[in-house]
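Visitor: starting from these lines, generate the structure:
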Amino acid sequence: MNKIIELDKKYHMNTYARLPVVFVKGNGVYIYDDKGRKYLDFISGLGVVNLGHSPKAIIDVAKGQLDKLTHVSNLIYTKPQALLGEKLIGVSLKNGRVFFANSGAEANEAAVKLLRRWAKINGTAKPEIITAYNSFHGRTLKMVAASGQVEKQKPYEPLPPGFKHVKYNDIAALKKAVNKSTTGVMLEVIQGEGGVYCADKKYLKEVAELCRKKGMLLILDEVQTGLCRTGKFFAYQNYGIKPDILTVAKALGNGLPIGAAIASNKVASSFKKGDHGSTFGGGPVVSTVALKVLDIMKKKELHKKAAQMGKYLSELVQDELSGHITDIRGCGLMIGLQLKEEVAAKVVKKSLEKGLIINNIGESIIRFLPPLIISKKDCQNAVKTLKNVLEEL
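Guide: As a prediction, the model looks like this:
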């Protein structure tokens, strides 16, 4: 382990606050380090391996496609990409088109670029998008500008223009910010990196209605919330609304890099040949894997399991950890615990030592994003470990 850590420190840019462990293998809800020790994974690579680590069905289709075709440019048609587009539209907007990218940030970039193209076609010279404070939309320079986190923006100023930020869950603030250049609103249904804060149902419905009345587009960033995590295939489906543009990534490839921007037909038609592109987006291997991911999710109804297990886990946390927390937030298996004390980073490190992988947001929030295949026993083990850690601090 020490040699690997030394190599990383010597040759890699220091952009990650890594935990002192080297993982070499994963199976289901568990990961194993280079010494053979087993860890219960309750963060799933930040909401990526929703089907668990290394499921055989995913490995088999990936290997099969690797034997056939790994890459052609997007100037050529491929069967896996075409089929994935059909299937992804079928579980989301029903009527629309998709652009495939390699990550959530790229999917959000495509969404913003599409909105701007649509706005220009419809006569807005300098389109502006309203986003929320505390939001997170990615690490590219434009997505840093879109994200409402000043501490992430300051080091990279001047930022690309075209974004305005308002308070989340405050419809009055949003209405006040709209002007003649406003052409869209971009929101997370649940602010994941911001601390697991859910949009109020009334608020999100009012946002959708405001966009409709003002002729603006609604972009929903479901990079973390999408694909069964919140008890529906997409979190917006819990609210009875539909966005004009939807972005997804993370769990779509269950560990392989793929993202997608999905838009209604009227908006998607704004993109013409040459307006956008990606060398690797929607390649044969990742598209084949993503097809299988969606098949498994639908067949096993993982959205229902996420709802059931999320309820069980939240109730278990309330019963066992109420003396250490002030709030439980989230939906399905996307859960944030507000600690009474600012010890979240210490809790994460101590939990790792006891074989549990969790995540902290700042110093007072613990986040759960477990694989959607977890059992009640897994939940009990995780909460028991976390309780022991909190009691020891």
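Visitor: give me the pLDDT for the most centrally placed residue in the chain.
Guide: With distances taken as C-alpha atoms, centre = their mean, Q224 lies nearest the centre of the chain, 1.6 Å away. For Q224, the model assigns a pLDDT of 98.
Visitor: not counting sequence-adjacent ones, nearest residue to it?
Guide: Leaving aside its sequence neighbours, Q224 sits nearest to G192 (C-beta to C-beta, 6 or more residues apart in numbering; 4.2 Å). Placement of C-beta: from N, CA and C, glycine included.
Visitor: run a quick neighbour tally on that neighbour.
Guide: 25 (other C-beta atoms under 10 Å).
Visitor: does it touch H137 like I think?
Guide: No. The criterion here is C-beta atoms under 8 Å, and G192 misses it with H137 at 10.8 Å.
Visitor: measure N134 to L187 for me?
Guide: 11 Å (C-beta to C-beta, to the nearest Å).
Visitor: the residue nearest to the centre of the chain contacts G194, doesn't it?
Guide: No. The pair Q224 / G194 is not scored as a contact, 10.6 Å apart, by C-beta under 8 Å.
Visitor: just checking, what packs against the longest helix anywhere in the chain?
Guide: In the chain, assigned by DSSP state H, the helix with the most residues is helix 302-321. Under the contact criterion of 3 or more C-beta pairs under 8 Å, 6 or more residues apart in numbering; DSSP states H and E, helix 302-321 touches strand 325-331, strand 334-339, helix 376-392.
Visitor: relative to strand 325-331, how tilted is the longest one?
Guide: Read it as helix 376-392. Helix 376-392 and strand 325-331 meet at an angle of 150 degrees, taking axes from the mean of the first three to the mean of the last three C-alpha atoms, to 10 degrees as the criterion.
Visitor: for helix 376-392, packing partners?
Guide: Partner elements for helix 376-392 (3+ C-beta pairs under 8 Å, 6+ apart): strand 38-41, helix 302-321, helix 344-353, strand 356-357.
Visitor: in it, what's buried?
Guide: D378, C379, N381, A382, V383, T385, L386, V389, L390 (16 or more other C-beta atoms under 10 Å).
Visitor: touching, the second one and Y312? I think so.
Guide: Yes. The pair C379 / Y312 is scored as a contact, 6.1 Å apart, by C-beta under 8 Å.
Visitor: residues near F271, how many?
Guide: Residues near F271, counting by other C-beta under 10 Å, number 18.
Visitor: and the gap between it and S287?
Guide: Distance from F271 to S287, by C-beta to C-beta: 19 Å.
Visitor: hey, where'd the helices end up in the protein?
Guide: 2-11, 44-47, 56-68, 79-90, 104-121, 141-146, 150-153, 171-177, 201-214, 265-268, 284-300, 302-321, 344-353, 376-392.
Visitor: and those as a markdown table, adding mean pLDDT?
Guide: Output for these, formatted as a markdown table (pLDDT from 0 to 100):
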| stretch | mean pLDDT |
| --- | --- |
| helix 2-11 | 96 |
| helix 44-47 | 98 |
| helix 56-68 | 98 |
| helix 79-90 | 98 |
| helix 104-121 | 98 |
| helix 141-146 | 98 |
| helix 150-153 | 96 |
| helix 171-177 | 98 |
| helix 201-214 | 98 |
| helix 265-268 | 98 |
| helix 284-300 | 98 |
| helix 302-321 | 98 |
| helix 344-353 | 98 |
| helix 376-392 | 98 |
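Visitor: quick one: closest of those helices to P370.
Guide: Of all those, it is helix 44-47 that lies closest to P370, at 5.9 Å by C-beta to C-beta.
Visitor: so between N134 and L187, which is more surrounded?
Guide: L187 (24 against 17).
Visitor: for G255, see how far away that one is.
Guide: Going from L187 to G255 by C-beta to C-beta gives 27 Å.
Visitor: one more: Y197?
Guide: From Y197 to G255 the distance is 27 Å (C-beta to C-beta).
Visitor: about what we covered before: for G26, find the nearest of the helices and strands packed on helix 302-321.
Guide: Judged by C-beta to C-beta, the one of the helices and strands packed on helix 302-321 that comes nearest to G26 is helix 376-392, at 14.4 Å.
Visitor: now do that closest one against helix 344-353: the angle between them, please.
Guide: 120 degrees.
Visitor: output helix 376-392 as PDB, nothing but the C-alphas.
Guide: These are the backbone C-alpha positions of helix 376-392, laid out as PDB (Å, rounded to 0.1, in the frame of the first residue of the first chain):
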ATOM      1  CA  LYS A 376     -31.400  -5.200   5.600                       C
ATOM      2  CA  LYS A 377     -28.400  -6.900   7.100                       C
ATOM      3  CA  ASP A 378     -26.000  -4.600   5.200                       C
ATOM      4  CA  CYS A 379     -27.900  -1.600   6.600                       C
ATOM      5  CA  GLN A 380     -27.800  -3.000  10.100                       C
ATOM      6  CA  ASN A 381     -24.000  -3.600   9.900                       C
ATOM      7  CA  ALA A 382     -23.400  -0.100   8.500                       C
ATOM      8  CA  VAL A 383     -25.400   1.600  11.200                       C
ATOM      9  CA  LYS A 384     -23.900  -0.500  13.900                       C
ATOM     10  CA  THR A 385     -20.400   0.400  12.800                       C
ATOM     11  CA  LEU A 386     -21.300   4.100  12.500                       C
ATOM     12  CA  LYS A 387     -22.800   4.100  15.900                       C
ATOM     13  CA  ASN A 388     -19.700   2.600  17.400                       C
ATOM     14  CA  VAL A 389     -17.500   5.200  15.700                       C
ATOM     15  CA  LEU A 390     -19.700   8.100  16.900                       C
ATOM     16  CA  GLU A 391     -19.700   6.800  20.500                       C
ATOM     17  CA  GLU A 392     -15.900   6.500  20.500                       C
END
